[in-house]
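Trainee: predicted model and sequence below, questions to follow.
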Amino acid sequence: MLYNKGFFFKRLYDGYFQVCSCHRKRNSLVSKRKKRRKKSDSSRLIKSFNELSPGDHVVHESHGVGKYLGVDQLVIDGLKKDYLKIGYSNDDSLYIPIEQMELIQKYIGADGGRLKLHRLGGAEWTRTKAKAKKAIEDMTDELLELYASRIEVKGYAYSNDTTWQKQFEDMFPYEETQDQLKCIREIKKDMEKNIVMDRLLCGDVGYGKTEVAIRAIFKAVMESKQVAFFSSNNNIGATTLQ
């Protein structure tokens with residue numbers, strides 16, 4: 001049963017939950033909104049550099065797949081600088097100034113141990129990129145046709161937010177980020193259109209994606225629609241439940 005002062009789910013045992021009213025929880029939560037700390041994006045770059053170890057396969061945007069061999073100091077035009085040493089086929093090597101390391105990225109794939117190195121100056125990498133570009137163009141054409149047909153299919157248009165929706169959102173104990181508010185507005189706007197909704201929400205860990213999803217779920221449930229909620233592991237599911 002739903003109450004106009006909100007509800008929460010109480011776990012009974014694995015797979016079974018009880019819906020409970022939360023008459024006395026709302027006021028305490030609203031009055032104690034906590035500011036979410038913003039995380040820095042710089043940690044991603046540092047982590048990526050630290051994870052690059054000698055023997056790792058890397059991809060250079062112009063020369064293809066090579067093997068990272070370490071950092072060497074070279075004297076060029078009287079200047080001593082650090083260079084990334086990348087090994088290629090036929091024992092060729094490419095030296096990249098450390099400040100230009102954005103030209104390479106770590107290779108991620110299941111066949112890293114059996115990966116064939118490209119040859120410096122060869123045409124194989126150029127052909128590989130051309131083949132990938134053609135595959136992307138073909139996929140793009142297919143997606144355009146798919147979405148053109150989907151937009152003609154009539155979907156369910158949800159109503160504007162109700163009072164219960166506002167009360168439910170007021171229970172969120174943090175101050176929403178600008179990105180959260182933007183995504184919430186856009187998703188609700190999509191839901192209120194009479195076309196088939198197709199949206200993917202992406203973001204780093206800890207940036208509030210779950211709260212955005214839960215508000216959309218509540219909006220759907222308020223109109224007697226069923227919602228499937230999947231999580232990648234039990235911890236995420238338990239955290240969301242709490």
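Mentor: Great, that's in hand. Just so we're clear, the structure is a prediction, and the values are computed from it rather than from any experiment.
Trainee: CA only for contacts and neighbour counts going forward, please
Mentor: OK.
Trainee: show me what contacts the residue nearest the centre of the chain?
Mentor: When C-alpha atoms, centre = their mean is applied to the chain, the residue found nearest the centroid is residue 202 (3.7 Å). Taking C-alpha atoms under 8 Å, 6 or more residues apart in numbering, we find residue 202 in contact with residue 209.
Trainee: what's the neighbour count on residue 231?
Mentor: Counted by other C-alpha atoms under 10 Å, the residues lying close to residue 231 total 11.
Trainee: should've said residue 171
Mentor: Counted with other C-alpha under 10 Å, residue 171 comes out at 19.
Trainee: what are the phi and psi angles of it?
Mentor: Residue 171 adopts backbone torsions of phi -80, psi -10, taken as degrees, to the nearest 10.
Trainee: if we can go back for a sec, pLDDT at the residue nearest to the centre of the chain, what is it?
Mentor: Reported pLDDT at residue 202 in the predicted model: 88.
Trainee: swap in residue 16?
Mentor: Reported pLDDT for residue 16: 39.
Trainee: domain-wise, how is the protein divided?
Mentor: Listed by automatic domain parsing, the domain ranges of the chain are 7-32+153-241, 47-121.
Trainee: let me know which of those is tucked in deepest.
Mentor: Among the domains of the chain, the stretch with the highest mean neighbour count (mean count of other C-alpha atoms under 10 Å) is domain 47-121, at a mean of 15.
Trainee: distance from the chain centre to that domain, please.
Mentor: 27 Å (C-alpha atoms, centre = their mean, to the nearest Å).
Trainee: that older thread, which stretch in the domains of the chain has the least confidence?
Mentor: Minimum mean pLDDT among those: domain 7-32+153-241, a mean of 78.
Trainee: tell me which element residue 235 falls in.
Mentor: According to DSSP states H and E, residue 235 maps onto helix 234-241.
Trainee: with distance to residue 137 added, can I get the domains of the chain in TSV?
Mentor: Conversion of the domains of the chain to TSV gives the following (distance: least, C-alpha to C-alpha, whole Å):
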stretch	distance to residue 137
domain 7-32+153-241	21
domain 47-121	19
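Trainee: same for the strand or helix carrying residue 166, what does it pack against?
Mentor: Per DSSP H and E: residue 166 is located in helix 163-170. Counting contacts by 3 or more C-alpha pairs under 8 Å, 6 or more residues apart in numbering; DSSP states H and E, helix 163-170 is packed against helix 26-30, helix 209-221.
Trainee: between these, which one is closest to residue 66.
Mentor: Using C-alpha to C-alpha as the measure, helix 209-221 is the one of the helices and strands packed on helix 163-170 that comes nearest residue 66, at 36.7 Å.
Trainee: for the residue nearest to the centre of the chain, helix, strand, or coil?
Mentor: Secondary structure, DSSP: H, G, I helix; E, B strand; the rest coil: residue 202 is coil.
Trainee: could you check how far it is from residue 183?
Mentor: Per C-alpha to C-alpha, to the nearest Å, residue 202 is found 10 Å from residue 183.
Trainee: and for residue 227?
Mentor: Counting by C-alpha to C-alpha - residue 227 and residue 183 are separated by 19 Å.
Trainee: residue 147 now?
Mentor: Noted for residue 147: a distance of 21 Å to residue 183, by C-alpha to C-alpha.
Trainee: in this protein, what residue sits furthest out from the centroid?
Mentor: residue 78 (45.1 Å).
Trainee: following the longest strand seen in the chain, which helix or strand comes up?
Mentor: When the chain is parsed with DSSP state E, its longest strand is strand 64-76. Sequence order places strand 79-87 as the next helix or strand after strand 64-76, per DSSP H and E.
Trainee: fine by me, we can end here.
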